[in-house]
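**Student:** The following block contains a protein sequence and its predicted model.
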Amino acid sequence: RCMSCGSFECRHSFQDNLDVLNKEWVDNVLKESSNGANDEENLRADGDAYVEKEDFSDVIVPDCGSCNSGFVKPDVVFFGDSVPRHRVERCYAAVDAADGILCIGSSLAVHSAYRFVNAAAKQGIPIGILNVG
């Protein structure tokens, strides 16, 4: 999503544009990181690849395809960002309509998840929590 004009762009289109603008950079990184290791050794469990290069200043980040000047970021909520109000309201509505809440993989230490479990508790809605910690 563009942080200037608000337009959305397909992630695949953005990735294609990123690849075109940075073809030489990507080729160099692939060449440097191969060093006899196979691709599986360079991949991490989260799907990222290990990149030895530490200087990313020469990577060209594409501008927004609509306004040609805006900064584009994924339409996700990063740690420290605020959850959009409309999404919070949809979650509260889902809690109100639920017969029970199952919270999986959250410590509930962050308010963005805790508030919905708390709302369910106040309404007497059964709550199940599954967490390794």
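**Tutor:** Yep, that arrived.
**Student:** which SSE is Glu32 in?
**Tutor:** If you go by DSSP states H and E, Glu32 is part of helix 23-34.
**Student:** other SSEs contacting that helix?
**Tutor:** The contact analysis (3 or more C-beta pairs under 8 Å, 6 or more residues apart in numbering; DSSP states H and E) places helix 23-34 against no helix or strand. (Each C-beta comes from the backbone N, C-alpha and C, glycine too.)
**Student:** low-scoring stretches of this structure, by residue?
**Tutor:** 33-53, 133 (pLDDT under 70).
**Student:** Which stretches in it count as helices?
**Tutor:** Applying DSSP state H to the chain gives helices spanning 11-21, 23-34, 39-42, 85-97, 111-122.
**Student:** Dead centre of this structure: give me the residue that sits there.
**Tutor:** Val76 (4.8 Å; C-alpha atoms, centre = their mean).
**Student:** ok, so what distance separates that residue from Pro84?
**Tutor:** The spacing between Val76 and Pro84, counted by C-beta to C-beta, to the nearest Å, is 11 Å.
**Student:** what angle do the helix holding Glu32 and helix 11-21 make?
**Tutor:** 90 degrees (axes from the mean of the first three to the mean of the last three C-alpha atoms, to 10 degrees).
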